[in-house]
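Q: Predicted model and sequence follow; I will ask about them next.
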Amino acid sequence: MGIYFGTDGLRGIYGEELTPGLAFKCGNSLSRFCENKKVIIGKDTRVTGDIILLSVANGLMQNGVNVINVGVLSTPAIAFLTRKLKCDYGIMISASHNPPEYNGIKIFDKDGYKIGEQQEADIERKFMFPASVPFSKIGHYQFSPTLLKLYLNNIILDIGDLGGLKIVIDCGNGACGKYAKAIFKKLNAKVLSLNDKTDGLSINGGCGALYPNVIADVVRQKHCDLGLSFDGDGDRIIACDENGKIVDGDDILYVLSSFHKNCSQLVGTSMTNKGLENALEKKGCVLYRADVGDKYVIEIMKNKNILLGGEPSGHIIIKSHSTTGDGLLVGLNLAKIIKNSKKPLSKLVNYKKFPQININVKVVDKFRILNSEKLTKTILSFKQEFKDNGRILVRASGTENKIRIMCEHRNKNTALACAQELERMVNEINSAGN
């Protein structure tokens with residue numbers, strides 16, 4: 001990670017970590033790497049989306065780059081349109097699952113993949129030295145929201161008729177609220193759409209992928225076949241089965257792998273449940289683990305030519321159709337599998353997970369805590385005690401000042417006791433440094 005870029009682009013609270021001035025610098029710096037002088041840019045529904053988008057666009061145009069603004073759409077739609085329209089880069093203005101006061105800048109290369117850490121560092125190095133061209137060569141600005149249709153037509157190509165399915169979708173008051181319901185209805189599913197406001201003030205507010213109980217309750221009440229919950233920029237999905245049981249990214253990967261042709265390899269992360277790894281092994285499928293972050297998952301997928309990967313948090317990548325996590329695409333595929341297999345989702349998720357406890361602890365200096373010798377020794381002691389019966393992961397959040405603790409064990413009480421002890425220790429170290 002750089003000074004400004006984190007694990008998923010440049011992100012922060014609007015007016016504090018992320019300002020229009022910084023957005024201008026980001027766009028202007030990126031202009032130096034454009035060969036064809038064409039960049040496509042879009043946003044989720046946040047109220048600060050316009051000012052950040054226009055600031056980035058101004059930075060690009062000042063140095064002669066032409067900008068296509070496609071308006072409100074999902075992150076995977078930007079990735080698709082970047083390569084479809086042969087742009088130098090695609091830019092998504094979004095803070096993903098974060099609250100409305102946050103915003104961010106995600107950058108995709110010409111092939112639709114998130115740029116790597118080296119290029120992020122190269123962009124940062126040029127922040128302090130703005131570039132410009134004579135007024136006669138300043139870039140043009142084009143508003144083309146109808147380009148979204150290219151993406152929507154692409155993701156439904158192989159889905160088929162979904163008639164007979166009753167589906168609840170929660171759009172998180174984000175980008176998918178603009179079109180998700182219409183797509184499922186076009187395929188003849190009966191759809192109940194929740195939280196599809198686009199005013200930008202309530203994005204991710206007690207709804208969407210971070211709050212799957214919303215769809216679970218409605219699925220039970222309305223006797224639906226499936227619930228799908230998206231985050232603000234539509235690159236994540238969490239589902240629930242017909243009984244209202246939550247189906248996370250690990251479960252979704254398991255279902256997709258069972259119906260994906262020649263799935264002998266799959267990419268997860270350090271957070272992927274050991275139970276999934278064991279279940280895949282029984283099917284002859286090898287699980288590779290990447291660092292947390294979908295761009296690290298896709299990196300291994302590219303290097304090893306693997307077609308399916310993702311995270312428990314709901315970033316699921318079907319590489320034959322997308323270069324990044326795509327909640328709507330995955331949701332359509334889940335519905336297709338349920339329809340074609342004639343099995344309820346509860347019967348398709350038929351493996352046993354290890355109990356997993358996740359705790360997030362707010363801290364002042366996450367890196368000082370991670371480097372604590374006392375914490376390191378405690379983690380090592382637990383790992384030696386767990387052996388093959390569980391896993392421990394303590395890491396810094398890439399987007400917030402938090403330490404994320406994960407403890408996994410065959411025995412839930414053991415996992416809980418471990419997580420609580422590590423939480424206590426992190427709080428103790430944090431307090432000692434204040």
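A: That came through fine.
Q: Excluding sequence neighbours, find me the nearest residue to D196.
A: Take D196 and drop its neighbours on the chain: the residue closest to it by CB to CB, 6 or more residues apart in numbering is G177, 3.4 Å away. Where C-beta positions appear, they are placed from N, C-alpha and C, glycine not excepted.
Q: Contact partners for D235?
A: Contacts of D235 were listed using CB atoms under 8 Å, 6 or more residues apart in numbering, and they are 74-76, 96, 294, 315, 324-327.
Q: Let's have those residues in TSV, adding pLDDT.
A: What follows is the contacts of D235, written out as TSV (pLDDT from 0 to 100):
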residue	pLDDT
S74	98
T75	98
P76	98
S96	94
D294	90
H315	96
T324	96
G325	96
D326	98
G327	98
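Q: which one of these is nearest E400?
A: Nearest to E400 among the contacts of D235, counting by CB to CB, is S96 at 11.6 Å.
Q: now the closest one, nearest residue through space, not along the chain?
A: Here the nearest residue to S96 in space, its sequence neighbours aside, is D233; by CB to CB, 6+ apart that works out to 5.2 Å.
Q: In this structure the one you found contacts G177, no?
A: No: under the criterion of CB atoms under 8 Å, D233 lies out of contact with G177, with a separation of 11.4 Å.
Q: Between these two, which is the more surrounded one?
A: For D233 against G177, the residue with the higher neighbour count under other CB atoms under 10 Å is D233, and the figures read 34 against 27.
Q: ok so, going back, how about the contacts of D235 in CSV, adding secondary structure and distance to I105?
A: Formatted as CSV, those follow (DSSP: H, G, I helix; E, B strand; the rest coil; distance: CB to CB, whole Å):
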residue, secondary structure, distance to I105
S74, coil, 16
T75, helix, 11
P76, helix, 16
S96, coil, 11
D294, helix, 16
H315, coil, 18
T324, coil, 15
G325, coil, 17
D326, coil, 19
G327, helix, 20
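Q: May I see the ChimeraX selection of the buried members of the residues you listed?
A: To isolate the buried ones among the contacts of D235 in ChimeraX, judged by 16 or more other CB atoms under 10 Å, type:
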select :74,75,76,96,294,315,324,325,326,327
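Q: export the contacts of D235 to JSON lines and tack on distance to L187?
A: Rendered in JSON lines, the data for those read as follows (distance: CB to CB, whole Å):
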{"residue": "S74", "distance to L187": "18"}
{"residue": "T75", "distance to L187": "22"}
{"residue": "P76", "distance to L187": "18"}
{"residue": "S96", "distance to L187": "26"}
{"residue": "D294", "distance to L187": "26"}
{"residue": "H315", "distance to L187": "24"}
{"residue": "T324", "distance to L187": "23"}
{"residue": "G325", "distance to L187": "21"}
{"residue": "D326", "distance to L187": "16"}
{"residue": "G327", "distance to L187": "16"}
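Q: ok, the contacts of D235 vs K106, which is closest?
A: For the contacts of D235, with K106 as the reference and CB to CB as the criterion, the closest is T75, at 6.3 Å.
Q: Surely that closest one and K106 touch.
A: Yes: the pair formed by T75 and K106 meets the contact definition of CB under 8 Å, at 6.3 Å.
Q: shared neighbours of those two, which are they?
A: Among the neighbours of T75, those also in contact with K106 (CB under 8 Å, 6+ apart) are 92, 94.
Q: Against D88, how distant is N427?
A: Between N427 and D88 the distance, using CB to CB, to the nearest Å, works out to 46 Å.
Q: Looking at the two, which one has more neighbours?
A: Here N427 and D88 are compared on neighbour count by other CB under 10 Å; more neighbours surround D88, at 20 against 15.
Q: from what I can see the more buried one touches C34, true?
A: Yes: contact between D88 and C34 holds when scored by CB under 8 Å: they sit 4.1 Å apart.
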